[in-house]
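# Could you look at this predicted model? Sequence included:
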Amino acid sequence: MNNEKIENNTALYKVLVHASVCIFILMLPVLLSLHNNFRFVFILEHSWIPIFLCFIVFYVNYIVLVDRVFLTKKKWLFFVSNAILLLVLAYLDQTLKPYLFHHFMWQIPYRPMFFVYGIMMDMLTMVLPLVLAIAFKIYERWQAMERKQQESANAQLQTELKHLEYQIQPHFFFNSLNNIYSLVDISPERAKETIHNLSKLMRYLLYETNSALVPLDGEIAFMSKYIELMKLRTSANTKVEYTFPENTFGIMVAPLLFISLIENSFKHGIKPIGTSELKFEMKIDGTKVIFTTENPYFEKTGPDLSGGSSIGLENIRKRLELLYNGKSEFITSVENDKYYAYLSIDTI
């Protein structure tokens, strides 16, 4: 329904533009003659009739011949049709004007050479609107193709973004269920609390992240709940610190961009033996949102059973490329047995 309305508005706009241009062209000879010896019949004979003939050539080609003949690889038929059209109009112009304006013209004896010369000049004059009709129609075709390609690219972009978002949710639930599974035997009460908190997170995932952009304060609340949920399964040897800004009013971001970095830290940054320290920090710098993570880095000796160790980070890179191309920065590094992640996005 919206597409039909847009097409109707576009067609109306095109009609108004063409009508305005035609009126302007017809009024131009009148405006140029106001300060001179204005004669209506002279303008009609020498300006308006040639202009009307040019209009006929332009719109016959613009509406019919260019689309149905020229652009369908029947160029020989197109040129033959226009040659006949131009010849007929020029002949009518040269034969009718002496009868229509004989009271206002000098009586010039009929000479075939002048008659043929007049037809040739008329035909040359009408070549310009013919060329303009071809150029206008080809430009409109090109614009239509550009719009279709843009619509196709947007549709493909939305499909890919949805696919990436759908990747996040199973990945997120998989890690959360692993946490709950590990708590069932150790602490049933904490497992119940975890399930309750997980339901709140699921509600956010299902109902609050369907838009292209979401308020940053909602993302911060989601991340804070997730961190508290993950802390339930950590031991006393794991210290978790997180600092998020309080005043984020009006800042909108793509949903679920930061959660994969937090998941990655909890999944890969907790040592099996010894102490571990995880840090998460978000800052607002003008129009930029900067998120950093820090956690221990160590080589794993056994298989990673948590599933898809690189899905989250690869997902971030793809979504940043699609949503914040040229307006984001994502860097990961390892220094002194520490894993660092830096993510910056420009919200304008």
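Happy to help now that I have it.

# residue ranges with poor pLDDT in this structure?
Where the chain drops to pLDDT under 70, the residues are 1-10, 26, 28-47, 98-115, 117, 151-176, 178-179, 182-183, 186, 300-312.

# Break down it into its strands, ranges please.
214-215, 238-243, 252-253, 276-285, 288-296, 328-335, 338-346 (DSSP state E).

# Put together CSV for those strands, with mean neighbour count on each row.
For glycine as for every other residue, the C-beta is placed from the backbone atoms N, C-alpha and C. Shown next, in CSV, are those (neighbours: other C-beta atoms under 10 Å):
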stretch, mean neighbour count
strand 214-215, 18
strand 238-243, 15
strand 252-253, 18
strand 276-285, 17
strand 288-296, 20
strand 328-335, 13
strand 338-346, 18
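
# got the contact list for A83?
For A83, the contact set (C-beta atoms under 8 Å, 6 or more residues apart in numbering) is empty.

# And the one 10 residues further on, by the same measure?
Contacts for D93 were tallied using C-beta under 8 Å, 6+ apart; they are 49-50, 53, 118, 122.

# Next: S333.
339-340.

# quick revisit: quick one: buried ones out of the contacts of D93?
Buried members of the contacts of D93, counted by 16 or more other C-beta atoms under 10 Å: 49-50, 53, 118, 122.

# Among these, name the ones in helices.
Counted as lying in helices by DSSP state H, out of these, are 49-50, 53, 118, 122.

# Go through those residues and name the one nearest F24.
P50 (16.1 Å; C-beta to C-beta).

# how many other residues sit next to the nearest residue to the closest one once chain neighbours are set aside?
Closest residue to P50 apart from its sequence neighbours, by C-beta to C-beta, 6 or more residues apart in numbering: T125 at 6.5 Å. Per other C-beta atoms under 10 Å, the neighbour tally for T125 reads 16.

# And the contacts of D93, which is closest to D185?
Nearest to D185 among those, counting by C-beta to C-beta, is L53 at 93.4 Å.

# Next up, the contacts around the nearest residue to that closest one once chain neighbours are set aside.
Closest residue to L53 apart from its sequence neighbours, by C-beta to C-beta, 6+ apart: L89 at 5.1 Å. If you count contacts by C-beta under 8 Å, 6+ apart, L89 has them with 53, 56-57, 122, 126.

# one more time with 10 Å
Residues counted as contacts of L89 (C-beta atoms under 10 Å, 6 or more residues apart in numbering) are 50, 52-54, 56-57, 60, 119, 122-123, 126.

# in this structure, which spans are helices?
Remark: helices assigned in the chain by DSSP H are 2-33, 40-43, 49-60, 66-68, 75-100, 112-125, 127-184, 188-207, 216-231, 259-268, 311-323.

# Please save the CA atoms from stretch 125-136 in PDB.
Below are the C-alpha coordinates for stretch 125-136, written out as PDB (Å, rounded to 0.1, in the frame of the first residue of the first chain):
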ATOM      1  CA  THR A 125      14.800  22.200 -35.200                       C
ATOM      2  CA  MET A 126      12.700  19.200 -34.100                       C
ATOM      3  CA  VAL A 127      15.800  16.900 -33.700                       C
ATOM      4  CA  LEU A 128      16.600  18.600 -30.400                       C
ATOM      5  CA  PRO A 129      13.300  17.500 -28.600                       C
ATOM      6  CA  LEU A 130      13.800  14.100 -30.100                       C
ATOM      7  CA  VAL A 131      17.300  13.800 -28.500                       C
ATOM      8  CA  LEU A 132      16.000  15.200 -25.200                       C
ATOM      9  CA  ALA A 133      13.200  12.600 -25.100                       C
ATOM     10  CA  ILE A 134      15.800   9.800 -25.500                       C
ATOM     11  CA  ALA A 135      18.000  11.300 -22.800                       C
ATOM     12  CA  PHE A 136      15.200  11.900 -20.300                       C
END
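
# May I see the buried residues of that stretch?
Neighbour-count burial for stretch 125-136 [16+ other C-beta under 10 Å]: 125-126, 129-130, 133-134, 136.

# Now tabulate those residues in CSV and tack on distance to L322.
Shown next, in CSV, are these (distance: C-beta to C-beta, whole Å):
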residue, distance to L322
T125, 53
M126, 51
P129, 45
L130, 45
A133, 41
I134, 39
F136, 35
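
# quick one: which two of those are the most distant?
Most distant of the buried residues of stretch 125-136, by C-beta to C-beta, are T125 and F136, 18.2 Å apart.

# still on that earlier bit, same list (the buried ones among the contacts of D93) but as CSV, adding distance to F291.
CSV is the format used below for those (distance: C-beta to C-beta, whole Å):
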residue, distance to F291
I49, 72
P50, 69
L53, 68
G118, 78
D122, 72
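
# Tell me the one of those residues nearest T275?
The closest of the buried ones among the contacts of D93, once distances to T275 are taken by C-beta to C-beta, is L53, at 91.5 Å.

# Am I right that the closest one is in contact with L128?
No - contact between L53 and L128 fails when scored by C-beta atoms under 10 Å: they sit 11.4 Å apart.

# got the contact list for I227?
Per C-beta under 10 Å, 6+ apart, neighbours of I227: 240-242, 244, 259, 262, 265-266, 278, 280.

# at 8 Å what do you get?
240, 242, 262, 280.
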